[in-house]
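> Turn this into a structure:
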Amino acid sequence: MNPETEVMEDTQKIKSNAIIQLEKISVFQNNVLILANVSLCIERGEFVYLIGPTGSGKSSLLKLIYADLPSLDGFAQVAGYDLRTIKRKQVPYLRRKLGIVFQDFQLLTDRTVDENLLFVMKATGWNSKIDIKQRSLEVLEMVGLSGKGNKMPNQLSGGEQQRVVIARALINHPEVILADEPTGNLDPNTSEDIINVLLNISNTGTAVLMATHDYSLFRRFPARTLRIEEGLLLEK
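Numbering: from 1, shown residues only. The predicted model follows:
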């Protein structure tokens, strides 16, 4: 079976509209238990905050979701893949269904915005120059950066660089965006702009799970909120 289409067979447990479904999962890092008995369900098009202080396990949970940490117990389904049985060769195909946004941008500083997008496209199998150009224009427009494709990262503000990161995450039409402290290095006004971009993305049907320790954001932009506290994931 093609690794891109091989999905979990235990379909009777999957909620019909769920893009992420975890039940009674333990999260380990370096053999240390970080989170215990984690259960959550995120549906298509949902915008969900994941909150908790620095070091509480937010990033570890996101790493489990994109298969950077192993899922050893419970039930774990993400974008049609069973995280308990996923093979290493399948992980890149899972990640094409996920858009991952980091706090520290991780842009290639010696390449333009368009070249940063092209690098990801080439790495994930895009070949048609027409399709590449069209998708680059689409994702930059989605994040409010039309006309900025020829700029170098150091010619952009921090907020604009984060928009490029979000555009990069959108390239392969992901089913969910995982955003790990995407406003952590930004000022409050710019942070609000980034939240509005992510909210607009969720309104198009792509789920967004955003980890943050900036509690002021979800007060200004209310949405479903999950909280990590003393090694447990709680619905706020």
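> hey, let's count contacts and neighbours off CA atoms from now on
Noted.
> ok, which stretches of the protein are helices?
Using DSSP state H, the helices found in the chain span residues 58-65, 91-96, 113-123, 129-142, 158-170, 188-203, 215-220.
> Nearest to L226, out of the ones you listed?
Ranking the helices of the chain by proximity to L226 (Cα to Cα) places helix 58-65 first, at 10.1 Å.
> Just the CA trace of that closest one, in PDB.
Presented in PDB, the C-alpha positions along helix 58-65 are these (Å, rounded to 0.1, in the frame of the first residue of the first chain):
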ATOM      1  CA  LYS A  58       3.000  22.400  25.000                       C
ATOM      2  CA  SER A  59       5.800  21.900  22.500                       C
ATOM      3  CA  SER A  60       6.100  18.200  23.500                       C
ATOM      4  CA  LEU A  61       2.400  17.600  22.700                       C
ATOM      5  CA  LEU A  62       2.700  19.300  19.400                       C
ATOM      6  CA  LYS A  63       5.800  17.200  18.600                       C
ATOM      7  CA  LEU A  64       3.800  14.000  19.400                       C
ATOM      8  CA  ILE A  65       1.100  15.200  17.000                       C
END
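> What average pLDDT does it get?
In this model, helix 58-65 has a mean pLDDT of 95.
> ok, E230 to H213 distance?
15 Å (Cα to Cα, to the nearest Å).
> List the residues that contact the residue most central in space within the chain.
The residue lying closest to the centre of the chain (Cα atoms, centre = their mean) is L178, at 1.7 Å. For L178, the contacting residues are L62, L98, G99, I100, V101, V208, L209, M210, A211, by Cα atoms under 8 Å, 6 or more residues apart in numbering.
> on that earlier part again, of all the helices of the chain, which one is nearest F47?
Evaluated with Cα to Cα, the helices of the chain place helix 188-203 nearest to F47, the distance being 5.9 Å.
> ok, and for that closest one, which residues are buried?
Within helix 188-203, the residues that count as buried by 16 or more other Cα atoms under 10 Å are T190, S191, E192, D193, I194, I195, V197, L198, L199, N200, I201, S202.
> Same check on stretch 212-225?
T212, H213, D214, L217, F218, T225.
> mind saving the C-alpha coords of the helix or strand of the chain at the bottom of the mean pLDDT ranking as CSV?
In the chain, the helix or strand scored least confidently by mean pLDDT, DSSP states H and E is helix 215-220, which has a mean of 84. C-alpha atoms of helix 215-220 as CSV (Å, rounded to 0.1, in the frame of the first residue of the first chain):
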residue,chain,number,x,y,z
TYR,A,215,-2.9,34.7,28.2
SER,A,216,-3.9,38.2,27.0
LEU,A,217,-4.4,36.9,23.4
PHE,A,218,-7.2,34.5,24.2
ARG,A,219,-8.9,37.1,26.3
ARG,A,220,-8.9,39.5,23.2
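> Widest-spaced pair of the contacts of L178?
L98 and A211 (14.9 Å).
> On the pLDDT front, check the closest residue in space to R163 that isn't next to it in sequence for me.
Leaving aside its sequence neighbours, R163 sits nearest to V143 (Cα to Cα, 6 or more residues apart in numbering; 5.8 Å). The model reports V143 with a pLDDT of 94.
> ok, V143 touching V165?
No. V143 lies out of contact with V165 (Cα atoms under 8 Å); the separation is 9.6 Å.
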